[in-house]
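>>> dropping the sequence and predicted coords here.
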Amino acid sequence: MGFPGTWMTESESVVYRVVPKCACSSIGQIMYYSDHGRFFDGDIHDATEGLHKWAQDHSQPVITENVQSHRSYAFTCVRNPYTRILSSFFDKIAGIQRNGRRYRGNLVPMLAQKYGIDVGSPENGFEFDQIASFRRFLLFARDTIRFRKPMDPDIHWSAVSGHVATFVANGGRYDRVIFTEAFNDGMQAVLDAIETPVPVDLAQVPRFNESEGHGPKRLHPVEDYFDDLSMHLVWEIYHRDFQLFRYDFEHPGNKLPLGEVDLDELHAVLGE
């Protein structure tokens, strides 16, 4: 299986396991800058040069050798399951993508038909019942993850621990797991631990949120979207994320982790 979703700087200063909806655009751009002294012009996910990526055939042997010998500092970035699944809904289901179309073509019409989800449109200012539609989407996300119906789970709402685990399963080891909610502190700790060809001043790095501005704004506090049944579904899908990454299941409005990640526990659980 190798190391899917793994990026590495060409200088091999650092290795990063990408997790969708967890600041991956910003991290990729910082890595690119740390080698080249400039940011990639466009979405870093589209870059085919300047950064080793597992999806590029020529990068695979270089990444494999580095990771299996733990030659470079390796990290990943995680996010609160409540805010991550909400963000996935507003970006991928309710939003219009960068190409001007709906995500995955017929996905939204299928959700409207099978789950009664309404996400409005640019023409009506994205007016719809956000809470009702999100809760129906949550049921769909659960069905994809638990039963692989009506489709396989999408990378944007499959569990963070599942993404993180592939790196460990094939012999990788993380030196740090950082939190999206404390991004600057975590990213600074990574930069302090490595040597990059070009110094990075985090205070000068712009925000790279490739999904922003393409759809409706969230109208309510996070906790308003999750009633008792919704919380039950979230636990069913993401219980390992809450446990491993120390997020607060009982209080959807508390996006901050309750403590640091125990790396020994993480590797023991994900390496099983």
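Cool, got the structure.

>>> drop to CA atoms for contacts and neighbour counts, all remaining ones
OK.

>>> start and end of stretch 64-80, how far apart?
29 Å (CA to CA, to the nearest Å).

>>> least confident secondary structure element in this structure?
Least confident helix or strand, the chain: helix 107-115 with a mean of 93, by mean pLDDT, DSSP states H and E.

>>> any idea which helix or strand comes after that helix?
Using DSSP states H and E, the helix or strand that follows helix 107-115 towards the C-terminus is helix 130-147.

>>> with only the CA atoms kept, save that next one in PDB.
What follows is helix 130-147, C-alpha atoms only, in PDB (Å, rounded to 0.1, in the frame of the first residue of the first chain):
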ATOM      1  CA  GLN A 130     -28.800  24.500   7.400                       C
ATOM      2  CA  ILE A 131     -29.400  22.500  10.600                       C
ATOM      3  CA  ALA A 132     -32.000  20.100   9.000                       C
ATOM      4  CA  SER A 133     -29.900  19.500   5.900                       C
ATOM      5  CA  PHE A 134     -26.700  19.000   7.800                       C
ATOM      6  CA  ARG A 135     -28.200  16.400  10.100                       C
ATOM      7  CA  ARG A 136     -29.500  14.500   7.000                       C
ATOM      8  CA  PHE A 137     -26.000  14.700   5.500                       C
ATOM      9  CA  LEU A 138     -24.600  13.300   8.700                       C
ATOM     10  CA  LEU A 139     -26.800  10.200   8.200                       C
ATOM     11  CA  PHE A 140     -25.500   9.900   4.700                       C
ATOM     12  CA  ALA A 141     -21.900  10.200   5.900                       C
ATOM     13  CA  ARG A 142     -22.500   7.500   8.500                       C
ATOM     14  CA  ASP A 143     -24.000   5.200   5.800                       C
ATOM     15  CA  THR A 144     -21.000   5.600   3.500                       C
ATOM     16  CA  ILE A 145     -18.500   4.900   6.400                       C
ATOM     17  CA  ARG A 146     -20.400   2.000   8.100                       C
ATOM     18  CA  PHE A 147     -22.100   0.400   5.100                       C
END
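
>>> could you point out which element follows that helix?
Following helix 130-147 in sequence, per DSSP H and E, is helix 160-169.

>>> rewinding a little: can you give me the buried ones in the least confident helix or strand of the chain?
Across helix 107-115, burial judged by 16 or more other CA atoms under 10 Å covers 108, 111.

>>> swap in stretch 159-170?
By neighbour count with 16+ other CA under 10 Å, stretch 159-170 contains the buried residues 159-161, 163-169.

>>> ok, back up a step: run through who's touching the least confident helix or strand of the chain.
Applying CA atoms under 8 Å, 6 or more residues apart in numbering, the contact partners of helix 107-115 are 93, 102, 117-118, 136-137, 140.

>>> where's the dip in pLDDT among the residues you listed?
Lowest pLDDT within these is found at residue 102 (90).

>>> could you list the low-confidence segments of the protein?
210-214 (pLDDT under 70).

>>> can you list the domains in this protein?
Listed by automatic domain parsing, the domain ranges of the chain are 6-80+158-204, 82-155+213-238.

>>> what's the closest of those domains to residue 244?
Among the domains of the chain, the nearest to residue 244 by CA to CA is domain 6-80+158-204 (7.8 Å).

>>> contacts only, for residue 75.
Residue 75 sits next to 14-17, 174-178, 190 when contact means CA under 8 Å, 6+ apart.

>>> what about the strands in the stretch 151-272 of the chain?
Listed in chain order, the strands of the stretch 151-272 of the chain (DSSP state E, counting those that start in this stretch) span 176-179.

>>> what about stretch 240-259, how long is it end to end?
Start to finish, the residues bounding stretch 240-259 are 15 Å apart (CA to CA).

>>> please renumber the chain so that the first residue is 18 from this point on.
Understood, numbering begins at 18; the last thing we discussed is stretch 257-276.

>>> tell me the buried residues in it?
Buried residues in stretch 257-276 (16+ other CA under 10 Å): 257-259, 261-266, 269-274.

>>> for stretch 102-121, same thing?
102-114, 119-120.
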